[in-house]
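A.B. asks: dropping a prediction and its sequence here:
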Amino acid sequence: MRISKKNNFILLILYLLIMIFTSLAELSFSPHLWIYSKYVHFLEFLILGFLLSLYFYDKLDSLFFFIIFFCLVVLSAFDEGIQVFSSTRTLTLNDFSINILGGFTSLIIIYILKKIKNG
(Lines give C-alpha, C1' and ligand atoms only; values in the text may rest on other atoms or scores of the structure.)
Protein backbone atom coordinates (compact mmCIF):
# COMPACT_ATOMS: atom_id res chain seq x y z
CA MET A 1 0.00 0.00 0.00
CA ARG A 2 1.38 3.38 -1.00
CA ILE A 3 1.12 6.37 1.27
CA SER A 4 -0.58 9.35 -0.40
CA LYS A 5 1.58 12.37 -1.17
CA LYS A 6 -0.45 14.47 1.26
CA ASN A 7 0.14 12.03 4.12
CA ASN A 8 3.80 11.61 3.17
CA PHE A 9 4.24 15.40 3.12
CA ILE A 10 2.71 15.67 6.60
CA LEU A 11 5.03 12.90 7.84
CA LEU A 12 8.00 14.69 6.31
CA ILE A 13 7.12 18.00 8.01
CA LEU A 14 6.60 16.26 11.36
CA TYR A 15 9.91 14.45 10.98
CA LEU A 16 11.75 17.69 10.19
CA LEU A 17 10.21 19.31 13.27
CA ILE A 18 11.39 16.37 15.39
CA MET A 19 14.92 16.78 13.98
CA ILE A 20 14.93 20.48 14.80
CA PHE A 21 13.64 20.04 18.35
CA THR A 22 16.02 17.19 19.14
CA SER A 23 18.94 19.22 17.78
CA LEU A 24 18.05 22.06 20.11
CA ALA A 25 17.49 19.88 23.17
CA GLU A 26 19.33 21.24 26.18
CA LEU A 27 18.90 18.06 28.18
CA SER A 28 21.97 16.45 29.63
CA PHE A 29 21.92 12.71 29.23
CA SER A 30 24.12 10.05 30.66
CA PRO A 31 27.32 9.60 28.62
CA HIS A 32 26.51 5.89 28.40
CA LEU A 33 23.36 6.68 26.42
CA TRP A 34 25.33 8.46 23.70
CA ILE A 35 27.22 5.34 22.65
CA TYR A 36 24.22 4.86 20.36
CA SER A 37 24.29 8.38 18.88
CA LYS A 38 25.92 7.27 15.61
CA TYR A 39 23.15 4.70 15.11
CA VAL A 40 20.56 7.39 15.82
CA HIS A 41 22.13 9.71 13.23
CA PHE A 42 22.11 6.94 10.63
CA LEU A 43 18.53 5.88 11.42
CA GLU A 44 17.27 9.47 11.48
CA PHE A 45 18.48 10.11 7.94
CA LEU A 46 17.58 6.62 6.74
CA ILE A 47 13.95 7.42 7.61
CA LEU A 48 14.21 10.91 6.12
CA GLY A 49 15.67 9.46 2.91
CA PHE A 50 12.80 6.96 2.69
CA LEU A 51 10.23 9.73 3.19
CA LEU A 52 11.80 11.96 0.54
CA SER A 53 12.18 9.05 -1.89
CA LEU A 54 8.58 7.96 -1.43
CA TYR A 55 7.33 11.53 -1.80
CA PHE A 56 9.09 11.87 -5.17
CA TYR A 57 8.65 8.20 -6.11
CA ASP A 58 6.78 8.91 -9.38
CA LYS A 59 9.53 11.29 -10.53
CA LEU A 60 12.46 9.28 -9.17
CA ASP A 61 14.91 9.16 -12.06
CA SER A 62 18.59 10.06 -12.22
CA LEU A 63 17.90 13.81 -11.96
CA PHE A 64 15.60 13.49 -8.94
CA PHE A 65 18.05 11.04 -7.38
CA PHE A 66 20.67 13.81 -7.29
CA ILE A 67 18.15 16.45 -6.23
CA ILE A 68 17.03 14.30 -3.28
CA PHE A 69 20.66 13.52 -2.42
CA PHE A 70 21.44 17.25 -2.47
CA CYS A 71 18.45 17.89 -0.17
CA LEU A 72 19.77 15.23 2.22
CA VAL A 73 23.21 16.89 2.24
CA VAL A 74 21.67 20.31 2.95
CA LEU A 75 19.42 18.90 5.70
CA SER A 76 22.40 17.11 7.23
CA ALA A 77 24.40 20.33 7.22
CA PHE A 78 21.42 22.12 8.79
CA ASP A 79 20.97 19.38 11.40
CA GLU A 80 24.62 19.56 12.39
CA GLY A 81 24.95 23.33 12.00
CA ILE A 82 22.03 24.10 14.29
CA GLN A 83 23.91 22.34 17.08
CA VAL A 84 26.29 25.31 17.24
CA PHE A 85 23.53 27.07 19.18
CA SER A 86 23.28 24.30 21.77
CA SER A 87 25.54 24.18 24.80
CA THR A 88 25.26 20.38 25.08
CA ARG A 89 25.73 19.39 21.42
CA THR A 90 28.63 19.85 19.02
CA LEU A 91 28.95 19.99 15.26
CA THR A 92 31.04 17.06 13.96
CA LEU A 93 32.05 16.01 10.46
CA ASN A 94 31.67 12.39 11.52
CA ASP A 95 27.96 12.87 12.35
CA PHE A 96 27.48 14.80 9.10
CA SER A 97 28.96 11.87 7.14
CA ILE A 98 26.84 9.30 8.98
CA ASN A 99 23.72 11.37 8.28
CA ILE A 100 24.48 11.42 4.57
CA LEU A 101 25.26 7.69 4.56
CA GLY A 102 21.87 6.92 6.15
CA GLY A 103 19.99 9.06 3.65
CA PHE A 104 21.97 7.73 0.70
CA THR A 105 21.32 4.13 1.78
CA SER A 106 17.55 4.61 1.76
CA LEU A 107 17.69 6.53 -1.52
CA ILE A 108 19.64 3.70 -3.18
CA ILE A 109 17.21 1.07 -1.84
CA ILE A 110 14.12 2.90 -3.16
CA TYR A 111 15.86 3.68 -6.48
CA ILE A 112 16.86 0.04 -7.03
CA LEU A 113 13.41 -1.24 -6.03
CA LYS A 114 11.79 1.15 -8.51
CA LYS A 115 14.16 0.01 -11.29
CA ILE A 116 13.36 -3.64 -10.52
CA LYS A 117 9.61 -2.95 -10.43
CA ASN A 118 9.64 -1.02 -13.72
CA GLY A 119 12.05 -3.36 -15.44
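C.D. replies: On my side now, so go ahead. Numbers count the residues shown, from 1 in each chain.
A.B. asks: next, the buried residues of the biggest helix by length in the chain.
C.D. replies: Longest helix in the chain by number of residues (criterion: DSSP state H): helix 93-118. By 16 or more other CB atoms under 10 Å, the buried positions in helix 93-118 come out as 95-96, 98-104, 106-107, 110-111. (Each C-beta comes from the backbone N, C-alpha and C, glycine too.)
A.B. asks: of those, closest to residue 53?
C.D. replies: Using CB to CB, residue 110 is the member of those that lies nearest residue 53, at 3.7 Å.
A.B. asks: wait, residue 107 touches residue 53, no?
C.D. replies: Yes. Between residue 107 and residue 53 there is a contact under CB atoms under 8 Å: 5.5 Å.
A.B. asks: pLDDT wise, what is residue 91 at?
C.D. replies: For residue 91, the pLDDT comes out at 77.
A.B. asks: now it, what are its backbone angles?
C.D. replies: Main-chain torsions, residue 91, degrees, to the nearest 10: phi -80, psi 130.
A.B. asks: which residues touch it?
C.D. replies: Contacts for residue 91 (CB atoms under 8 Å, 6 or more residues apart in numbering) come out as 80-81, 83-84.
A.B. asks: look up how far residue 103 lies from the residue most central in space within the chain.
C.D. replies: Nearest to the geometric centre of the chain sits residue 45, at 2.4 Å (CA atoms, centre = their mean). Noted for residue 45: a distance of 4 Å to residue 103, by CB to CB, to the nearest Å.
A.B. asks: which regions of the chain sit below the pLDDT cut-off?
C.D. replies: Applying pLDDT under 70 to the chain flags the ranges 1-5, 20-35, 88.
A.B. asks: one more time with 90
C.D. replies: 1-45, 47-68, 71, 75-76, 78-95, 110-111, 113-119 (pLDDT under 90).
A.B. asks: let me see the ranges of the strands in it.
C.D. replies: Assigned by DSSP state E, the chain shows no strands.
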